[in-house]
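Colleague: structure here, sequence nowhere to be found:
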């Protein structure tokens, strides 16, 4: 979905305007990706959609008039997370997960791990995450996934152990791919 948000945060135009899920008229002014782009800084944001409840990657860019000065609004391109997961095409005994800096599983080859956390969240962190609505209202159930000291073996629920590797996801600081 592509949409244009005015300076006040309301969606002015949307590619889904003729569907029941139309974003036209919705207020997305609270979203951090909108606020960032409105400050003339393009933004990438991974979140659960405020309108749809589905996971997506949001690429937000400022829109300028003539002469270019302050942004007049923001254009957003939303890509469904499920499409990214389908493109991973892992074998049946391989698993992949992408976690945010707090350990929230945003992408995974295991649907039962999605929007769970890999480590306990303190009450302040959980409240802050709920306030942003980035991953929905919460709570986020715990799925214990722990790398051993060498970072080579992942202990998963049910005593299953996997050979594992973890790497930082450069596009999203603090996020990791395991």
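Modeller: The structure has been received and is ready for your questions. The model shown is predicted, which means the values in this text are computed figures rather than measured ones. Numbering: from 1, shown residues only.

Colleague: list the contacts of the helix ranked longest in the chain.
Modeller: For the chain, the helix that runs over the most residues, judged by DSSP state H, is helix 123-132. Residues outside helix 123-132 that contact it (C-beta atoms under 8 Å, 6 or more residues apart in numbering) are 32, 102, 104, 121, 135, 137, 138, 139, 140. C-beta coordinates here come from the backbone N, C-alpha and C atoms, glycine included.

Colleague: can you name the next helix or strand after it?
Modeller: strand 146-147 (DSSP states H and E).

Colleague: among the contacts of helix 123-132, the buried ones, what's the PyMOL command?
Modeller: Selecting only the buried entries of the contacts of helix 123-132 in PyMOL, with 16 or more other C-beta atoms under 10 Å as the criterion:
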select buried, resi 102+104+121+135+138+140
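
Colleague: looking at the contacts of helix 123-132, spot the one nearest residue 96.
Modeller: If you rank the contacts of helix 123-132 by distance to residue 96 using C-beta to C-beta, residue 104 comes first, at 15.2 Å.

Colleague: ok, back up a step: which pair in the contacts of helix 123-132 spans the largest distance?
Modeller: 32 and 139 (21.1 Å).

Colleague: which regions of this protein sit below the pLDDT cut-off?
Modeller: 89-92, 149-153, 155 (pLDDT under 70).

Colleague: a markdown table please, covering the contacts of helix 123-132 and showing distance to residue 55.
Modeller: A markdown table is the format used below for the contacts of helix 123-132 (distance: C-beta to C-beta, whole Å):
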| residue | distance to residue 55 |
| --- | --- |
| 32 | 16 |
| 102 | 16 |
| 104 | 11 |
| 121 | 18 |
| 135 | 8 |
| 137 | 14 |
| 138 | 15 |
| 139 | 17 |
| 140 | 13 |
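
Colleague: and of the contacts of helix 123-132, the nearest to residue 65?
Modeller: Using C-beta to C-beta, the contacts of helix 123-132 come closest to residue 65 at residue 32, 23.8 Å.

Colleague: can you tell me the helix or strand for residue 12?
Modeller: Going by DSSP H and E, residue 12 is part of strand 11-14.

Colleague: for whichever helix or strand comes after that strand, packing partners?
Modeller: Note on strand 11-14: by DSSP H and E, the next helix or strand toward the C-terminus is helix 32-38. With contacts taken as 3 or more C-beta pairs under 8 Å, 6 or more residues apart in numbering; DSSP states H and E, helix 32-38 sits against strand 43-48, strand 55-63, strand 73-80.
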